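In: the amino acid sequence is not available; the structure is as follows:
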């Protein structure tokens, strides 16, 4: 796994051993970034399920201003910090080992982001739960883009009230992996 382009192009990234984190494949990452390539420069990024930090670090390498990277696993947070340092992007990011929902509750009314990555463990209900907290906490701006990676089902978990708060701008299917770029309404 590596940074695809930008100031840290080609830098290899470390990942946790084992099955605990599932890094986004290079193919899916390239597709995700091609969907938002003109919306990155100067933006504030939130990566809620950081893993290795590759999505936020890729955004920083492509010109994002600042990133907050969250992962509930302290070992993953340490890997993210090492990756940020090895890519020389560490001065432009903050890494926290905390649960995504705790961070979103803390950030409500305090922080907002232009780009939010949601790539939680598959077969979880974390995306709809996170989207509800992002909406209620005003963490996404009206112009924000939320990029979701998932493997099946409805990103809104069948919640019609929640789906009425976002619009789907772009989608992609890459084998069993699906992506969606959504925006607040």
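Out: Sure thing, it's come through. As the structure is a prediction and not an experimental result, all values here were calculated from the model. Numbers count the residues shown, from 1 in each chain.
In: buried ones in the top strand by length along the chain?
Out: Scanning the chain for the longest strand, with DSSP state E as the assignment, gives strand 140-150. By neighbour count with 16 or more other Cβ atoms under 10 Å, strand 140-150 contains the buried residues 140, 144, 145, 146, 147, 148, 149, 150. For every residue, glycine as well, the C-beta is placed using N, CA and C.
In: make sure I have this right: residue 8 is in a helix.
Out: No - the assignment for residue 8, made by DSSP: H, G, I helix; E, B strand; the rest coil, is coil rather than a helix.
In: list the contacts of the helix or strand of the chain with the lowest mean pLDDT.
Out: Within the chain, no helix or strand scores below helix 26-36, which has a mean of 86 by mean pLDDT, DSSP states H and E. By Cβ atoms under 8 Å, 6 or more residues apart in numbering, the list of residues contacting helix 26-36 from outside reads 1-2, 4, 24, 40, 54-55, 58-59, 62, 115, 145, 147, 149, 170, 172, 174, 177, 179, 181.
In: select only the buried ones of the residues you listed in PyMOL?
Out: The buried residues among these can be selected in PyMOL (16+ other Cβ under 10 Å) with this line:
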select buried, resi 1+4+24+40+54+55+58+59+62+115+145+147+149+177+179+181
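In: C-terminal to the lengthiest helix in the chain, what's the next element?
Out: Assignment by DSSP state H gives helix 74-86 as the longest helix of the chain. Next helix or strand after helix 74-86 toward the C-terminus (DSSP states H and E): strand 93-97.
In: that next one pairs with which strands, parallel or anti?
Out: strand 66-71 (parallel) (DSSP bridges).
In: buried ones in the strand it pairs with, by neighbour count?
Out: Those would be 66, 67, 68, 69, 70, 71, for strand 66-71 by 16+ other Cβ under 10 Å.
In: any chance of these in a markdown table, with pLDDT and distance to residue 77 too?
Out: Formatted as a markdown table, the entries for the buried residues of strand 66-71 read as follows, by pLDDT from 0 to 100; distance: Cβ to Cβ, whole Å:
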| residue | pLDDT | distance to residue 77 |
| --- | --- | --- |
| 66 | 97 | 17 |
| 67 | 98 | 14 |
| 68 | 98 | 12 |
| 69 | 98 | 8 |
| 70 | 97 | 8 |
| 71 | 96 | 5 |
